[in-house]
Each structure stands twice: as structure tokens, then as C-alpha cells.
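1. Sequence plus the predicted model coming up.
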Amino acid sequence: MLDPATKTDAVMDLLIVDGRIAERRAAGQGKGGLPAGTKVLDARSLWVCPGLVDMHVHLREPGGEHKETIESGTKAAAAGGFTSVACMPNTDPWNDSLSVTEYIVAEARRRGVVNVFPIGCVSKGGRGEELAEIGDMVRSGAVAVSDDGRPVGNSYLLRMAMEYTKIFGIPLIDHCEDTMLSAAGVMNEGYYSTILGLKGIPRTAEEVAVGTDLAVAGLTGGKLHIAHLSTRGSLDKVRQARRDGLLVTCEVTPHHLVLTDKAVADSDFDANTKMNPPLRGEEDRLALIEGLRDGTIDAIASDHAPHHQDEKLVEFDEAPFGITGLETSVALVMDRFVRPGVVTPARFVELMSLNPARILGLGKGTLAIDADADVTIIDPDAERTVDITKLRSKSRNTPFNGWTLRGWPVATIVGGRLVHEHLAAATR
Amino acid sequence: MSGMQEETRVHAAGRKGAATGARAGSATRPAARRPAPGRAAGAAGETAARIDAREPGPETERPIVALTHRHLLGIHGLTAEEITLILDTARSFAEVSTRTIKKVPTLRGKTIVNFFMEPSTRTRSSFEIAEKRLSADTLNFSLSGSSVTKGETLLDTARNLEAMAPDMIVIRHKASGAPHFLARHCRSNIINAGDGWHEHPTQALLDAFTIREKKGRLKGLRVAIVGDLMHSRVLRSNLFLLKTMGADVVACAPPTLTPVELSRLGAQVTFRIDEALEGADVVMMLRIQRERQQGGAFPTAREYYNLYGLTAERARRARPDVIILHPGPMNRGVEIDSAVADGPYSVILEQVTNGVAVRMAVLYLLAGGTLGGIAG
């Protein structure tokens, strides 16, 4: 059992009763004293972790149901080991009001298989002009605000939003991009964009916006969370801001930790290597890994961005940004960082469960007594090959098809209910 | 570290899992010799008169007589031997265009689609003439009036073209990588006739052919490339080709039109045209597109001309026997003065003439033809 919130890393049995963690005891005491009819999951040699939290996904509903629905997206989450997801508001219509937030919450209750926490808009329609009714959305279940996909580029509005969110104690999540600098860019600006003749997005486009956001966070004392941070320069700025005592957190995606812009060249312009922020250079990737180790990066989030294959099977310039991630995140992080020892198992749980739960104030991310019984079981030795034809997501836009990875989630328990399990294949 | 070498590996490794076969870019592929000279391209039964079976050019260390690539997507990744083969083959075809009857039966029965999704006069005409002189059947398919304007995707358009079973598709497209996209999803041989800012391989080949005809070699020449480097597929293809063939390239543009890390691709980069021209054996001017001015890359065409225009006076910094190239279409009085464009050092119209022979060579070799197997 791995539960950094209670400083636990031990072989233990876990009893769940009525959707809560009821008892933890040293392993090997058998079934003695268990209530009659208790179902037993044999998780020997597996890792029992607090349910993983993906704090940055796009479920596309309402409005983009051909790409993903709350039902398909949460099934993908369950298969990927996530018990909770926070969904971004760039739906159609944008989640900028009580009614859309309530719809998402209700639909998640009807058809969702994992916990869904909506993120509301900062501004009406995500247009960056005037504040959305944030209080209404928080009352309906929103746990943060963001105009994701679009940066809050108006620094006056950003200030107002960061002041205003202090009422609720929720973070403002920003997609940091100076769109004047990134205009029409489709990949990282550098050696490979020069070779491929594609318009580049300079690192500076992100770093300028990170700098502005941090300055405004300093001015307002609001909680700032930087989404999908991708450059060494951004990371340095966050590190410095922390030293200055700002309330800033940040996340990084598995694909920015694993791939670089070289993948665009290697794949001969495959649109599944196109995302925003773009895959960066090797020096950025190495800096992000260092950020995982030294604690500068708080969370790993997938930025799960499903797109229909018709939308991605076009010229690189024409394709939409984004790749799916819910069903590959855990294995990528396990295979590339946890198994090789770059990240300890406890730190893994912090990055993918405890910290995102804390940032969003979910009261989850732990296996403490009386906590919600959200549990993810991971087989650190299971080896599987990513196969896009077997994904639960409605979309298949991933650059990781065919990758063989070790370390997969094998069971997902949400509120005491087993919503996904793959234990048969893993039991040895 | 040599960017070119690194990149060769990158592209060679980049084909795993793709449905298509060899392409320009698989530089590690062994240069297999095809056993049957002259018959593969549909010339069976014709007189196999060897027009030019001379020894390979001076750049060649290991002579090859056939291409193993299915597509010509770019210069990047072609070996010096392969480039030399194309140039040598073009030499044979140049002769065909001087005959009274400018036609050989080499590609008889082959169907070639010229799929031009961007305006083009020179390149499309050149391909079409090359195809006709090889006796191929050609279909021209261009942007205006096509189903693309009705919202059809590139993939659907290409699949519909393929349903008519062409042998080759020559594609010009505004998006970098569009030919690679077709190569992944189509069965035909794909020839890149210019994709976005990325590559224009037959332009670089005809430029190299022109230079080699005039100078007798490519190796060791100092070539200045001046103009809008950022948005130029001609620059990229020429840079890859010239570096592979051992020429020195100095690239010159305002910093606002210079792509990042260009020097890692092997070019010497300067922002001063006089420095670029100094001692040049070859000067290659690139077109300045007016919309770049609107993009803020330079204030006015007038100022651009003052700072970067090639005038006769500036050209004197180059070697006395300099030749001046331009891929066209020219903006007289913006990047080049008429006195230079029409002057004695200009080989601009020869480039156009050579374009036909080079494209004949590319079509012929991709169809499986061999050097020395060209039927008269």
C-alpha cells in the first residue's frame, strides 16, 4: 500500500465498507473478523494506491460528442487507473454558467463511471472579456476556473479573476501562451521546425505568459495553477516564484516528459505529434524530469484531448492540437520514470493523486481511514502494448500506438465500487 | 555535430510502421542495383540505344544505376550517389529535348496525375512537358474548380484520384508534409513538387544540374542563397543538396526572415548581402513574397531592395565567373535588378530548360528506370 498522505509504504490489507476506507491492517491476518460476504481482491505484489486524479482532461460533452462523451471519457479514465478527472470548460457551449456545470455533474452521475469535477470558465464564453458567473458554477460543483485552450491574455481580466477566485479559495488554471508570439505556429520553434518548414511556436510564447501570470499572482495573492508547463524557462520562473512565496502550482503532461519535437520529424508529419503546447526540445524535456524529482512540478496531468480521426487525418497544418492520454498516462510514467527509479513510488502517487486532489481541494488522494474508497491498483511489472483499437476513448489520436510499456493499472475502485479490472491478465 | 548526418538518421528511422516502402529519406537503404536495364519503365521492345553511358560524374564514389526509392518527397536523406545518378540521368534526357521529335517511349502506358493545390505555372508546365516527352498519359488536377473547394479532404481527394489507378502523383501543396501524408495513405509513387516551406526537391535538382553544367562540379563551390529563407522550400532543398554534394553554402536574409538554428543545417548565416556575395561562385536569389511585408518582416519593398536587392554593383563582389540563379517568379526591383536578371551571368532561363530534363530523369528513375537504359 502506497499512501504518502499517511506516510505509508507497507504490505497491508485494506477494508472498504460503504464506499469508505474502514480499516487498514498488517497483511496476513486472513479474513478474520471481516463482515460476511466481503469480496476479496488479491493484490499481492501489486501496488495499492489512492485513486489517481487527472486534473486536466477534455470530455467534449456537451457539443463534441463525436470526439468523446462523459460516458466514454470516464470509461477511458477508469481503464487508465483514474478515479477522478477534472474536465476543462471548452465544450460547446463553454462551461461558463450554472446550467452547463449542472448538466455535466448530472450527466456524470447518470453515465459516468469515475468522479467528474468540472472546471468552469474564467470569462463568459471563454472570450477573455468579462468574468463568468464563477460563484454559480462553484455552487454547482466547479472546482477551479480556466479558459483552457485560450490563455487569459487580458491582464486586467486576469487580475480581476485572481482577486475574485479568492472568495472561493479555488485555483485559476491558465494555459500560458502569448498568442501574438505563437500565431499560426504548429510545432516547437527550433531545429526541427526549420528542417520541416513548419511554423514554429517559440518557448518564449509560453514563458512571457507565465511571467505575466506570476506577476499578477504576486499582486493579488490568488491561487495560480499553470497547466501543461512545457519549457525549462517556465519551470525556472515557477521555481523562483515558489521561493518568493507565491501560491503557484503547476502540472506537466506525460507526452512532454517522454517525447520531443524530433517526433514530428521521425513520424513524417504525423498529426498525432501536434499538440499545444508543442513537444519541445530535449533540454526542456530533461528540465521537466528534473522538475519532477525536485518537487517543482506538482502534478502530472494528461491534457486528454480526443479528436475524431477525420479531424486528425489531414495535413499537419490543418489538424487540431491535442492527443488522448487517459489510457496511456500511467504506463508512460511507470515505464519511463518510476520503474527506472527517476521517480519514487511515493512521489508517483503524489504527482498523480495526492497533489492534484489537494490543488483542486477534492478531499481525495489518500487511503486514510474514513477517506472516500477511491483506489487504484497498479501492477508494476505488467507489460502491455498500446493498441488504439482497444481504447475505451471514442478517439484514437495518440502517438503511442504500438508502444510496449511496463507498469499498468489493473484495477480501479471508485467509492468502493470496482469500475475496471484487468487482474486476470496480471495475476501470476 | 553535423546536422545533416543527424537528420539522415532521424528520417531513416522515421519510417517504421508506415505502410509505404522506400522514400527519399531512407539514406541507409543499400543502393541495390536493378538487374534489367532499360526494360522496367515500359520501354520493352524499343531500341535500347544508349545515349549516354559515360562514366559517373566526379562526385560519385560508388556508382549506382537505379533509385531504390518509391517516392521523391525531399532531398533530405538522399545520398550523394543518388543525387549524382539523377543528375547524370538528366543529362541523358537533356539531349531528347534538342531533337526534332522530342519524345521517347519510356513511360508509355503510365498515367501521371499532376495534383496542384497551389498556383504554379513553371513547375506544373515543366512536369507536364517532361511527362509528355516520356510518353506518359497525364492528368492535370488543380485547386480551382476541384472538389477541394467543395470541402473534400486531401485524403478523400487523393483516394478518389487513386481509384483511377494512376502510377504516379506529382503534388504541389501549401502544407508542409502533404506529400508525406499522401505517401502514407496512397499506393502511387509520390513526387513532391513543392510542399509549404518544406521542400521542392526537383527545383534543387535542376539548380544543381544547371550549376554542374556551368561549373563542372558542385563540390567546393561557394554558393550564396539570398532572400526569404524562412518561407522558402527552395532554400531547404538546395541547402540539403548542396551540403550533401560538398558545396559551401552561405545563406543571407534579414533576421526577420531567417529560420532559427539554420546554421545547424550546415549553412553559414549572415544578415549582410555584401558578405554573402564575397567570392561566391554561384548566387541564388529567392523570391520575396509581398505578404511577408504585411507580416512585418520588413517595412517596405523599397527598403528591402536597398538592403538586400541584387544589383550589378553588388554582384561584383562575387567571383568574375559567377552565375546567378532564381527559381522564379521574379520580383524585379525587389530582390533582383533587371540588369542582373537579364545580364550575362544570369542562367535563369537555362534553369527552366534544365527543369524538364531533371523532371524526366526523376520520373524515369522512380518508375524503375536505370541510367544507361534510356531507350531512344
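-> That came in fine, so what should we check first?

2. For B:I75, which non-adjacent residue is spatially closest?
-> Closest residue to B:I75 apart from its sequence neighbours, by CB to CB, 6 or more residues apart in numbering or on different chains: B:F240 at 4.2 Å. Heads up, the C-betas are built off the backbone N, CA and C, glycines and all.

3. distance of that neighbour from B:L205?
-> Taking CB to CB, to the nearest Å as the measure, B:F240 falls 11 Å from B:L205.

4. quick one: the helices in the stretch 1-150 of chain A?
-> A:70-79, A:98-111, A:134-140 (DSSP state H, counting those that start in this stretch).

5. The top helix by length along chain B: which residues count as buried?
-> What stands out as the longest helix in chain B, according to DSSP state H, is helix B:348-366. Neighbour-count burial for helix B:348-366 flags B:348, B:350-352, B:354-366 (criterion: 16 or more other CB atoms under 10 Å in any protein chain shown).

6. again, but for stretch A:165-175
-> Those would be A:T165, A:F168, A:I170, A:P171, A:L172, A:I173, A:D174, A:H175, for stretch A:165-175 by 16+ other CB under 10 Å.

7. burial count for A:G416?
-> Residues contacting A:G416 under the criterion other CB atoms under 10 Å in any protein chain shown number 16.

8. One more: A:T204?
-> Neighbour tally, A:T204, other CB under 10 Å: 15.

9. Would it be right to say that it lies in a strand?
-> No - using DSSP: H, G, I helix; E, B strand; the rest coil, the assignment for A:T204 is helix, not a strand.

10. On the three-state scheme, the closest residue to it other than its chain neighbours is what?
-> Leaving aside its chain neighbours, A:T204 sits nearest to A:L181 (5.9 Å; criterion: CB to CB, 6+ apart). Per three-state DSSP, the secondary structure class of A:L181 is helix.

11. hang on, isn't A:L181 packed against A:G200?
-> No - the pair A:L181 / A:G200 is not scored as a contact, 10.1 Å apart, by CB atoms under 8 Å.

12. So which of those two has more stuff around it?
-> Neighbours were counted for A:L181 and for A:G200 using other CB under 10 Å; A:G200 has more, 24 against 17.

13. Angles on the backbone of the more buried one, please.
-> Main-chain torsions, A:G200, degrees, to the nearest 10: phi -90, psi 150.

14. State the distance from it to chain B.
-> 7 Å (CB to the nearest CB, to the nearest Å).

15. For the nearest residue to that residue once chain neighbours are set aside, the count of nearby residues, please.
-> Nearest-residue entry for A:G200: A:E189, 2.5 Å, with adjacent residues in sequence omitted and distances by CB to CB, 6+ apart. By other CB under 10 Å, the residues close to A:E189 number 25.

16. Check what pLDDT A:E189 gets.
-> A:E189 is assigned 98 on the pLDDT scale.

17. Please apply the same query to the one 5 residues further on.
-> Model confidence at A:T194, expressed as pLDDT, equals 98.

18. Mind telling me what element it is part of?
-> helix A:191-196 (DSSP states H and E).

19. Any idea which residue is closest to the centre of the chain?
-> Using chain A here. Nearest to the mean C-alpha position of chain A, by CA atoms, centre = their mean, lies A:A301 at 2.2 Å.

20. other chain: chain B
-> B:T202 (2.2 Å).
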